[in-house]
Every structure is written in C-alpha cells, then in structure tokens.
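**Student:** After the sequence you'll find the predicted model.
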Amino acid sequence: MDENIGSDLQQEWLEIHDRHENVILRILEENRVLHDKVEQLESEKFTLQKAFSKLRQEVEDSESAKRDLQSKLASLTHREEEIVLTLLDGDGYIFDRTLLCKGESGGREAAQILTNGIMRYIAKQPDRPSQVVLWTMWFLSREKLEATLVRSGVCSQEQFRYFMKGFSSAHPLFSVVDVSDGKEAADAKIREHLRKFIKHRSFYRVILGVDHDNGYDVAISAEMTNGYANRMVLLRAHSNIARQIEALQLGSMSIDDLFLVDGLGPGPSSVVLPQRDPWSSFKTRAYASPVMEKRKSVYGSPPSPIDTLASWRRDKAPTRDPAPCHAFYLTKRCCDKDCPYGHDYELSEQELQKLTQWARAQPCSYATEGERCPRLDCIYGHKCSRGSDCPFRWNGTCKFTGPDSHD
C-alpha cells in the first residue's frame, strides 16, 4: 500500500516538474521571440532615425536654397546700387563756353548738370535700380584741346585747367583722363572701356558721348550683337549726328546747356566757325589750313561726305592733279592736316574702283605686324594677291611682309 502511495507521489511530482519545465521553455521561447522583435525594432528605429536626419537636412537645404532665391529675387527686383558709366570723347564733346569761363566753379556746375540729366533719364526707366552709382570718365588730349579753346577765345588756359579740376573734384568717380596726342587716342580708350564693362551685371547703363564720330560704330555694333543693346545709351550733343552712329538706333538722351552744339561761337579774339556741318566743304587749300585744323581738333574725324556731294566741284578731266586722297574717298575721312592729295573731286564709279584696287595693293599695318585687323571696313590689303607664287617675295621687294601675307 505504501509503495503505491510513493509511486503516485513520484509520478505526480514528475508531471508537475514537466509542466514547470514546459512553462519555462515556453517563457524562454517567447523571450527569444520578443528579443528578436526588439532587435528588429531597434534596427528599424535606427533606419528611421537616419532617414529622418537625412530628410531634415534636405529640408534645411531646401529652406536655405529658398532663402537664397528669395534674396536673389529681391536683389533683381530692387536692383540696389548699380553703376551708370558715362564715357565722354573730349575730341567732340566740348563743354559750354559759359561753364568753361567759370573755371573751377564751372567744372563743378558741369558735373552737377550732367548728374541731374542722367538721374532724370534713369528715373524714367521702368527697370531702374533703387540706388545708382555714377561713374564718369572724360577722355581728352589736354594740350590739344586747351590750345584750341585758347586760340578760339573760348576761355583762357587757366580757366580751362581750373574747369577740369572742378569737374573731377565734384564727384569721387568723375575723372578727366588725359590721353596721348596720337590719332584716335580717346577712341581707343573708350572702345576698350566699353568692351570691358558692358558685360558686367553691376553696370546698369553705359552712356556714350560719341555721337560725332563714325569710328565707334563697329565697337557699338559688336556689343549690340552680344546682346547688350539695352545697356548702351547715346548721349546726343550735336545737331548733326554721325551717320553710322545714328543708323545704329541706340536709345538716346540729351542734356541741355551742357555742351557746345554747333562749334565754337563768337568770343573775344576768337575764330567764328559757321553754324553748320564744319566738314561740308573740302577745298584742298582749306583742308590744310589752320581753321580746318581747329575744326578737326574739336570735332574729331569728319562725318561721311556723302551728304555734301552737291557742294563738291564737278571735274570730268581724265587726270587729277593732285591725285585723289584714297583715305578720304574710301573711308570718308582723312586726319592728316598736311595731306597733299585732293579732297574736292566728284569721282566716277570707275575712278573709285581704281582707287579701291590701289588701296588693296597697299598692306594693312595690322597684317604687316601679324595682328588681326579690328576694322571691318579696312580699305587696305591683308594678303598679297599673288599668293605663294609671288615673285617679289623671294627677293624681299614685296610690300606684304606679314607672316601670313602669302598663305
């Protein structure tokens, strides 16, 4: 009996032990499963945190880009502090006699009149910037212009020098630039300044005081082709605008009472120039006279004589004595005051063709130096017409001596 009781107790204990063991195993299994889930969740949490961090950085970058765009848009809208550059050719833009005679105070007054005129023009523009910085450069050959003004009785040497001082000191960015005495020295400076600055976005406008000189048409036309036509403004100061400049149809402005419009008027001991185009008559003797030299020093290169053909002498003689000036007839201007050739003929089409052929037989100085000629209307030859077979090339007597003249 006792043995049966002990056996039952032992069996019951084993069953209880098994149940406990199963419970423990089940708990351990569930714990393992939960542990795996925790690890998975931790991994997902890390991935989500990384994605969130990346997303937050992208949002911050987007906000930064948005702020930059807003800033740029605001700057484009308000156009704060942009530059208006004015380039004046002193060979043709002569300040008014009243201003010149006032000396230093006249220079300051001229600067103020110029400033007021430019600001009035800018105020009318729909895309005007909120702030404008004026920068003005007046290019001139001081000695030549000074001598011309004194000889013509416009002002004294002292008045002109003080005028320049007053003009340049009236504004920190107003300058008088004394160029060399060479031909078209001011032209070269102005063309280069235009080329350098027109492309920069900080320059709102470039105002050009060059309406008297056809020599600027190529440089201006090139920048118009480059897409900068709306940035250039012609400052009109003469009643007769150079034909090729006027043909460009640039936007323009004018300022009253600032420049002499039709030459040097009457004054004490002055030479009175006629109130018309000073280059409308080209008699040979007058062309080399002191009066004509004065006109050239003030007006620069003469405009096209096409409009003045009616005033030329008709000469049907088969020979010309002196010979026609090729520079005058083919380029519409001649800058040599002592030119010995004729300027008052009306040449036939055949004579003009012969003159053109003769000019083409003369080497261009740029080609001779191995440089590219900058003039689209150059009348001289850039290569020898005989090419590589030129017999004069080998004995050194060919006029075309440039490195590529016989290619």
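**Tutor:** Happy to help now that I have it.
**Student:** Can you point out the buried residues in the strand or helix carrying residue 192?
**Tutor:** Using DSSP states H and E, residue 192 maps to helix 185-197. By 16 or more other CB atoms under 10 Å, the buried positions in helix 185-197 come out as 185, 186, 187, 188, 189, 190, 191, 193, 194, 197. C-beta here means a position set from N, CA and C on the backbone, and glycine is covered the same way.
**Student:** Let me see the contact set for the residue nearest to the last one when sequence neighbours are not counted.
**Tutor:** If you skip the residues right next to it in sequence, residue 197 has residue 203 as its closest partner in space, 5.3 Å away by CB to CB, 6 or more residues apart in numbering. The neighbourhood of residue 203, defined by CB atoms under 8 Å, 6 or more residues apart in numbering, consists of 82, 83, 84, 85, 197, 231.
**Student:** one more time with 6 Å
**Tutor:** By CB atoms under 6 Å, 6 or more residues apart in numbering, the contact list for residue 203 reads 83, 85, 197.
**Student:** Next, the second one: phi, psi?
**Tutor:** Pointing back at residue 85 there. Main-chain torsions, residue 85, degrees, to the nearest 10: phi -100, psi 130.
**Student:** okay but it is in contact with residue 135, surely?
**Tutor:** Yes: between residue 85 and residue 135 there is a contact under CB atoms under 6 Å: 4.8 Å.
**Student:** Who has more neighbours out of these two?
**Tutor:** Neighbours of residue 85 and residue 135, each counted by other CB atoms under 10 Å, are more numerous for residue 85; the result is 22 against 17.
**Student:** measure the more buried one to residue 40 for me?
**Tutor:** From residue 85 over to residue 40 the distance is 70 Å, taken as CB to CB, to the nearest Å.
**Student:** With residue 126 instead?
**Tutor:** 65 Å.
**Student:** Then residue 365?
**Tutor:** Noted for residue 365: a distance of 86 Å to residue 40, by CB to CB.
**Student:** what's the burial count for residue 365?
**Tutor:** Applying other CB under 10 Å, we find 12 residues neighbouring residue 365.
**Student:** Then the one 4 residues further on?
**Tutor:** Number of residues near residue 369 (other CB under 10 Å) recorded here: 11.
**Student:** and it, how far is that from residue 403?
**Tutor:** 9 Å.
**Student:** try residue 144
**Tutor:** Going from residue 144 to residue 403 by CB to CB gives 36 Å.
**Student:** higher neighbour count, those two?
**Tutor:** Shown here are residue 144 and residue 403; by other CB under 10 Å, residue 144 has more neighbours (18 against 10).
**Student:** Can you pull out the low-pLDDT segments for the stretch 251-400 of the chain?
**Tutor:** Across the stretch 251-400 of the chain, residues meeting the criterion (pLDDT under 70) sit at 262-319, 333-338, 376, 393-396.
**Student:** if we go to 80?
**Tutor:** For the stretch 251-400 of the chain, residues meeting the criterion pLDDT under 80 lie at 261-321, 326-327, 331-341, 365-377, 388-389, 391-397.
**Student:** what about the helices in it?
**Tutor:** Assigned by DSSP state H, counting those that start in this stretch, the helices in the stretch 251-400 of the chain fall at 284-287, 290-299, 326-331, 349-360, 365-368, 391-394.
**Student:** re the thing from before, of residue 126 and residue 40, who's got more company?
**Tutor:** A direct count of neighbours by other CB under 10 Å for residue 126 and residue 40 places residue 40 higher, at 10 against 4.
**Student:** secondary structure class for that one?
**Tutor:** Assigned by DSSP: H, G, I helix; E, B strand; the rest coil, the conformation of residue 40 is helix.
**Student:** which stretches of the stretch 101-250 of the chain have low pLDDT?
**Tutor:** Short version for the stretch 101-250 of the chain, where the test is pLDDT under 80: 180-184.
**Student:** Can you give me the distance of residue 203 to residue 115?
**Tutor:** 17 Å.
**Student:** If you could redo that for residue 149, that was the one I meant.
**Tutor:** Residue 149 sits 23 Å away from residue 115, going by CB to CB.
**Student:** In terms of neighbours, single out the busier of these two.
**Tutor:** Counted by other CB under 10 Å, residue 149 and residue 115 do not tie: residue 149 has more neighbours, with 26 against 19.
**Student:** helix/strand/coil for that one?
**Tutor:** The three-state assignment at residue 149 reads helix, by three-state DSSP.
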